[in-house]
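Chemist: test case, fold it:
(one chain, ligands or ions: 1)
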Amino acid sequence: MDRNYFELKDWIDETRDEPLETMGGFFDRRVDEYEDHMSHWKNHYRWMADTLPEGIGTLLDIGCGTGLELDEIFKRFPEISVTGVDISGEMLSALSEKHGDKNLKLVCCDYFVWEMGVEQYDAAISFETLHHFTIERKKGLFEKICRSIKPGGVYIECDYIASCPEIEEITFSECRRRRRRDGIADGTFVHFDTPLTLQHELEAISAGGFSKVEVLGFLPEDDHTPMIIAYK
Ligand SMILES: C[S@@+](CC[C@H](N)C(=O)[O-])C[C@H]1O[C@@H](n2cnc3c(N)ncnc32)[C@H](O)[C@@H]1O
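Modeler: Numbers count the residues shown, from 1 in each chain. So this is what the prediction gives:
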């Protein structure tokens with residue numbers, strides 16, 4: 001078991017009585033401090049922008065938030081047409097204020113429910129939004145994402161993973177306990193991190209129907225946030 005597990009266990013003990021917050025509510029309430037909080041991902045945002053294939057014209061960004069990854073992507077592709085989906089209206093308002101001059105369509109919706117269409121996008125991305133869901137849910141989502149990408153297109157994901165199986169187990173089990181305690185209905189998303197191991201994340205993406213899924217690696221400053229690329 002690694003060091004992250006023991007740190008996580010301490011955090012779970014310290015916060016065990018804190019009430020859960022719904023996903024949208026959590027981000028709506030924190031929009032003002034959000035970009036400062038995420039500033040340490042700067043190199044990952046740049047890496048994602050650099051990883052996108054040359055010449056793409058259409059992009060789907062699920063869980064786009066205030067668009068920190070888009071800040072970098074627009075520098076490389078100023079004319080790109082982006083569809084951003086997010087469950088938090090406040091996050092989308094901040095994005096629209098920041099990039100109102102860009103070719104940007106924003107949809108305030110749960111991306112598990114939203115109809116993504118068929119062969120609409122040259123590429124799809126997600127950054128730090130998928131570490132809250134079970135492998136079963138993700139498999140269905142990746143099928144939708146794969147369907148929405150044009151033949152030859154790519155899906156790129158940058159998100160943190162459980163660095164050992166025990167982290168996946170303890171977070172899901174603690175999340176279930178807090179949901180029961182707070183009487184949260186099935187199907188209501190809460191903001192409580194439940195990352196999958198890299199093996200399970202890759203299994204979920206592969207089940208989406210991509211022809212090849214590759215881990216591009218990690219940045220030196222972080223050993224549990226891989227960049228993953230999947231080819232349709
Ligand atoms: C940590 S933020 C990341 C935002 C952005 N990608 C970034 O890196 O700055 C996660 C975002 O995912 C959104 N999100 C989480 N679950 C979602 C869902 N089921 N449908 C749509 N958006 C969701 C949240 O509202 C939030 O804006």
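Chemist: what is the lengthiest helix in the chain packed up against?
Modeler: Longest helix in the chain, counting residues (DSSP state H): helix 165-182. Helices and strands touching helix 165-182, by 3 or more C-beta pairs under 8 Å, 6 or more residues apart in numbering; DSSP states H and E, are helix 3-14. Heads up, the C-betas are built off the backbone N, CA and C, glycines and all.
Chemist: now the helix it packs on, how far from the chain's geometric center?
Modeler: Remark: helix 3-14 is offset 23 Å from the chain centroid, using C-alpha atoms, centre = their mean, to the nearest Å.
Chemist: before we move on, back to that, so for the longest helix of the chain, mean pLDDT?
Modeler: Mean per-residue pLDDT for helix 165-182: 97.
Chemist: for residue 18, which three-state class applies?
Modeler: The three-state label given to residue 18 by DSSP: H, G, I helix; E, B strand; the rest coil is coil.
Chemist: count residues in the vicinity of it, would you?
Modeler: 10 (other C-beta atoms under 10 Å).
Chemist: quick one: pLDDT of whichever residue of the chain sits closest to the ligand?
Modeler: Across the chain, no residue is closer to the ligand than residue 65, which sits at 2.6 Å (C-beta to the nearest ligand atom). pLDDT for residue 65: 98.
Chemist: who touches the residue lying closest to it once chain neighbours are set aside in this structure?
Modeler: In space, and not counting its chain neighbours, residue 65 is closest to residue 91: 4.5 Å by C-beta to C-beta, 6 or more residues apart in numbering. Taking C-beta atoms under 8 Å, 6 or more residues apart in numbering, we find residue 91 in contact with 27, 28, 31, 34, 64, 65, 66.
Chemist: since that was my last question, I'll sign off now.
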